[in-house]
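> kindly generate the corresponding structure for this input.
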Amino acid sequence: MLSEYYKNPSGKINYSHSKTNKYHGMDFHLHEYFEIYFFISGKVNYFIENKVYQLHYGDLIFMNNQEIHKPSVFPGEAYERIVIHFDSSIVGLLSPDDFNLLDCFINRPKGEFNRINLDNEQSNHILEFLYKIGQLQKSVSAGSSIIKLTAFLDLLVYINRIYNAMQKNCDYSDIPEKLRLIMDYIDKNAEENLSLDALGKKFFIDKYYLSRLFKKYTGSNIHDYILYKRISKAKRVLSEGYSATEASAVCGFNDYSNFYRMFKKTVGVSPSRYKKKVNFELQNPF
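Here you go, the predicted structure:
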C-alpha cells in the first residue's frame, strides 16, 4: 500500500503561468522541489550556480533542488514565463528501469547544461504539454488529476529525449574567468572564511571591486550567494547522515543558532525536520 505521502502524486506537481509588466526582483534561492522553466518574453539574464544565461523565446531551463538560481529581469518589456515545480520523489518512483525521467535534472554536473535552446517545433510541442497541464490543474472533473500526472510524465519523456540528443549544445554566456574561479572556490570551501577581505587576499583582487563585479553579473551581493551555497551544502550533508550540529560546522556557520535560523528561513523547515523528511522518503518508497 502507498504511504500517505504518495496518496496524491498529481498534487505534488504545480503549474504557474506568469506575465509581469513590473517585476520586483528575486534574490538567490533554493527549492525543495525540482523546476522546469519555459521562457516566453522579456529581457532576462538567468543565473544558475556560476553561469549566466541570456534568455530568448523558447529557452527551456531545468534545475534540481541543489542548484542556486535567480532571474535578473531588465525593465522595459513584459516578463512572461511558465514554471512547473514538482516533487522529485514522485517522479523517481514512477521512472521505469530503462528510462530515468530525472536524467536531465540529476545526471549532469551541478550548474552545467541547465538550458536547452528549443527550435520552433520543439517549443510548440512543449507549450502543448504545458498548457494541457495548466488546464488540468484547474479542472475539477473526475480523473483530471490522473490525466495531469500522465501529461506531466509525457512532458518529462519529451524533455529528456531532447536533452539526451543535444545536451552538448546547451550553451551559456559565461561570467569572467576571475569571478568564476572565486565562485568555484566558494562552492568547494563553504567551511572556510569567505569574507570579502579573505577572498580579496586569496585572489589578489580589491574587495570593493569584487563586490561590484559580483553585483554586475548576478544582480545580487556575494554575501547572499555564500549563504545559499552553505545552505545547499547543508541540505546535502544532512541527507548523507550528518547531524544538524555537524552540518552547521562543516558548512561554515559561526554558531548553531545562526545556522538553525538561516536554514529554517531558507528551506522552510528546521535542519532536523528536513533530515527526517529525507530519511522518510528514502525508507518509504512505496
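> what's near enough to touch M262?
227, 231, 253 (Cβ atoms under 8 Å, 6 or more residues apart in numbering). Where you see a C-beta, it was placed from the backbone N, CA and C, and this is true even at glycine.
> report the buried residues of the helix or strand harbouring it.
In the assignment (DSSP states H and E), M262 maps to helix 256-267. Neighbour-count burial for helix 256-267 flags 259-260, 262-263, 266-267 (criterion: 16 or more other Cβ atoms under 10 Å).
> Provide the count of other residues in contact range of D184.
Neighbourhood size, D184 [other Cβ atoms under 10 Å]: 13.
> I misspoke; the intended subject was Y37.
That count, for Y37 with other Cβ under 10 Å as the rule, works out to 20.
> show me what contacts it?
Y37 neighbours (Cβ under 8 Å, 6+ apart): 46, 60-63, 81-83.
> just the pLDDT at it, thanks.
Looking at Y37, its pLDDT reads 97.
> could you do the one 10 residues further on as well?
The predicted local distance difference test score for F47 is 89.
> cool, and H69?
90.
> how about it, nearest residue that isn't a chain neighbour?
Spatially, and ignoring its direct neighbours in sequence, H69 is nearest to I48 (4.5 Å; Cβ to Cβ, 6 or more residues apart in numbering).
> bridged to the one you found, which residues?
Counting by DSSP bridges, I48 is bridged to K51, H69.
> closest one of the contacts of Y37 to T150?
Nearest to T150 among the contacts of Y37: I82, at 18.8 Å, using Cβ to Cβ.
> sec struct for that closest one, please.
When classified by DSSP: H, G, I helix; E, B strand; the rest coil, I82 comes out as strand.
> now it: how far from S18?
8 Å (Cβ to Cβ, to the nearest Å).
> coming back round to it: could you dump the buried residues of helix 256-267 into a markdown table with distance to L196 and pLDDT added?
Shown next, in a markdown table, are the buried residues of helix 256-267 (distance: Cβ to Cβ, whole Å; pLDDT from 0 to 100):
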| residue | distance to L196 | pLDDT |
| --- | --- | --- |
| F259 | 21 | 92 |
| Y260 | 25 | 91 |
| M262 | 19 | 89 |
| F263 | 23 | 90 |
| T266 | 21 | 84 |
| V267 | 26 | 84 |
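> can you put those residues in JSON lines and add distance to I159?
Formatted as JSON lines, the buried residues of helix 256-267 follow (distance: Cβ to Cβ, whole Å):
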{"residue": "F259", "distance to I159": "36"}
{"residue": "Y260", "distance to I159": "37"}
{"residue": "M262", "distance to I159": "33"}
{"residue": "F263", "distance to I159": "31"}
{"residue": "T266", "distance to I159": "28"}
{"residue": "V267", "distance to I159": "26"}
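> for the stretch 151-286 of the chain, just list every one of the strands.
Counting by DSSP state E, counting those that start in this stretch, residue ranges of the strands within the stretch 151-286 of the chain are 173-174.
> show me where pLDDT drops low in it?
Applying pLDDT under 70 to the stretch 151-286 of the chain picks out residues 167-174, 280-286.
> now do the helices in it.
In the stretch 151-286 of the chain, the helices defined using DSSP state H, counting those that start in this stretch lie at 177-188, 196-203, 207-218, 222-239, 244-250, 256-267, 271-283.
> so for F129, which of those sits nearest?
helix 271-283 (26.3 Å).
> you'd agree N65 is in a strand?
No. Applying three-state DSSP, one finds N65 to be coil, outside a strand.
> how near is it to K277?
Distance from N65 to K277, counting by Cβ to Cβ: 12 Å.
> and those two? Which one has more around it.
Neighbours per residue (other Cβ under 10 Å) separate N65 from K277, with N65 holding more: 19 against 16.
> apart from its neighbours in sequence, what residue is nearest L130?
I82 (5.1 Å).
> got a pLDDT number for the one you found?
For I82, pLDDT reads 96.
> just to revisit the earlier point, relative to S72, which of the buried residues of helix 256-267 is nearest.
For the buried residues of helix 256-267, the nearest to S72 is T266 (19.9 Å; Cβ to Cβ).
> which residues touch the closest one?
T266 is in contact with 29-30, 227-228, 231, counting by Cβ under 8 Å, 6+ apart.
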